[in-house]
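[1] Show me how the following folds:
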Amino acid sequence: MKEIKEYLLDLDKLRTQLASLHYQQDKTYQTLIDRIMINCRTDIHPSVLEHLNKTRWIKKIGYWVHDLKGHIFMATKELLLFLGADPNQASFSEDQFFNQIHQDDLPRILKSYPQDILAHEERSSAYRINSFNSELKYVISNFSCKYDSDDRPSQVTGVIFEIPQTDSKKAHNSNEYINEIIKANMGVGFWEYNPEDNQEYWSSSLYDIIETTPAENPPLFSTLQSVITEKYSSKSIEVILENNKTNTDYGLSFKITTFKGNEKYLYSQVHHLLDSEGKLLKRYGLIYDITQMKHLLIK
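    Residues are numbered from 1 along each chain as shown. Have a look, this model is predicted:
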């Protein structure tokens with residue numbers, strides 16, 4: 001028969017495993033958000049960006065199809081219920097769908113969507129929906145277009161994700177094991193630069209990596225530059241500026257000292273979105289915390 005201490009040890013192991021699974025789930029959600037945001041080619045309303053910065057997870061709702069020739073939208077029952085529509089409704093018109101998009105987000109969508117369906121690649125957009133039963137919901141839509149034999153857009157298919165608010169009770173009650181587990185996992189952060197208004201967007205996971213908040217340090221290149229370790233600073237800045245000047249995609253490894261004084265090794269993967277004339281539309285990238293990997297290599 002087991003001793004009481006053995007049962008307690010078993011419980012400790014289970015709590016550690018559950019915490020690890022919970023953490024991995026949260027990180028997978030955040031990486032998924034970041035990956036979808038790479039497909040986003042339109043400006044996002046500040047209120048939606050603020051909401052994205054707060055969230056730690058997203059929820060897949062359902063799939064939709066836009067018949068461009070028939071000018072109708074079709075959706076799975078799960079998505080119809082989410083929109084507050086009749087789940088047995090076969091379809092609804094383009095006007096009905098676009099009327100559900102928040103009035104502050106709609107101009108961006110109406111401008112970007114026609115360009116997105118001509119892109120021959122996956123695209124995404126983040127916006128708010130006023131459901132048919134008057135509930136305000138934040139969503140990310142990821143989609144791609146199919147073309148006919150004459151290469152004309154014929155059908156757009158996509159998936160809708162809800163961006164719920166972070167559950168503060170859930171965050172408060174996260175057990176102490178998570179803090180230890182976090183140290184052993186690789187974080188992934190997403191950032192984006194818009195040359196039109198000279199503004200940057202940083203995901204909450206990027207702020208987690210450098211251990212600060214938007215309130216303490218705004219999403220600026222100078223903020224990241226300030227944490228790069230002196231040994232790496234001049235060379236890293238030189239590589240960044242040189243490639244940004246020519247809009248060349250690149251990868252870069254460097255070391256930082258976070259705002260909490262912790263040393264980390266990072267890998268930055270940078271991409272440039274250009275128009276047909278070579279003009280920069282967006283610069284975006286992923287930043288990986290490779291500290292644990294670096295330590296393993298050193299060992």
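
[2] contacts and neighbour counts: CA atoms only from here.
    Noted.

[3] State the mean pLDDT of stretch 50-67.
    For stretch 50-67, the mean pLDDT works out to 82.

[4] now stretch 37-47
    Mean predicted confidence for stretch 37-47 is 78.

[5] With only the CA atoms kept, save that stretch in PDB.
    Provided in PDB are the C-alpha atoms of stretch 37-47 (Å, rounded to 0.1, in the frame of the first residue of the first chain):
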ATOM      1  CA  MET A  37      -1.400  37.900 -38.200                       C
ATOM      2  CA  ILE A  38       1.500  37.400 -40.600                       C
ATOM      3  CA  ASN A  39      -1.300  36.900 -43.300                       C
ATOM      4  CA  CYS A  40      -2.900  40.200 -42.300                       C
ATOM      5  CA  ARG A  41      -2.300  42.900 -44.900                       C
ATOM      6  CA  THR A  42      -4.500  45.600 -43.700                       C
ATOM      7  CA  ASP A  43      -4.400  48.200 -40.900                       C
ATOM      8  CA  ILE A  44      -6.200  47.100 -37.800                       C
ATOM      9  CA  HIS A  45      -8.300  49.400 -35.700                       C
ATOM     10  CA  PRO A  46      -6.500  50.400 -32.500                       C
ATOM     11  CA  SER A  47      -9.300  49.000 -30.300                       C
END
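
[6] got a list of contacts for that stretch?
    Residues outside stretch 37-47 that contact it (CA atoms under 8 Å, 6 or more residues apart in numbering) are 104-105, 108-109, 112, 116, 122-127, 142, 282, 284-285.

[7] Nearest to residue 83 among those residues?
    residue 127 (13.7 Å; CA to CA).

[8] What lies in contact with the helix or strand hosting that closest one?
    Element membership for residue 127, per DSSP states H and E: strand 123-130. Applying CA under 8 Å, 6+ apart, the contact partners of strand 123-130 are 36-42, 44-45, 48, 83, 100-102, 105, 109, 116, 135-144.

[9] and residue 151, which of the three is it?
    Secondary structure, DSSP: H, G, I helix; E, B strand; the rest coil: residue 151 is coil.

[10] whoops, I mixed them up, residue 109
    Residue 109 is classified as helix under three-state DSSP.

[11] Show the pLDDT at it.
    pLDDT at residue 109 comes out at 91.

[12] And residue 163, how far from residue 273?
    Applying CA to CA, to the nearest Å, the value for residue 163 to residue 273 is 26 Å.

[13] These two: which is more packed in?
    Between residue 163 and residue 273, counted using other CA atoms under 10 Å, the more crowded position is residue 163 (24 against 15).

[14] Need the mean per-residue confidence for stretch 164-179.
    Average pLDDT, stretch 164-179: 46.

[15] how about low-confidence regions in the protein?
    For the chain, the stretches with pLDDT under 70 are 1-2, 23, 41-42, 56, 165-188, 293-299.

[16] Okay, helices next: where are they in the chain?
    Taking DSSP state H to define them, one finds helices in the chain at 4-38, 46-54, 77-82, 94-98, 106-116, 168-172, 177-182, 204-210, 221-227, 230-246, 291-298.
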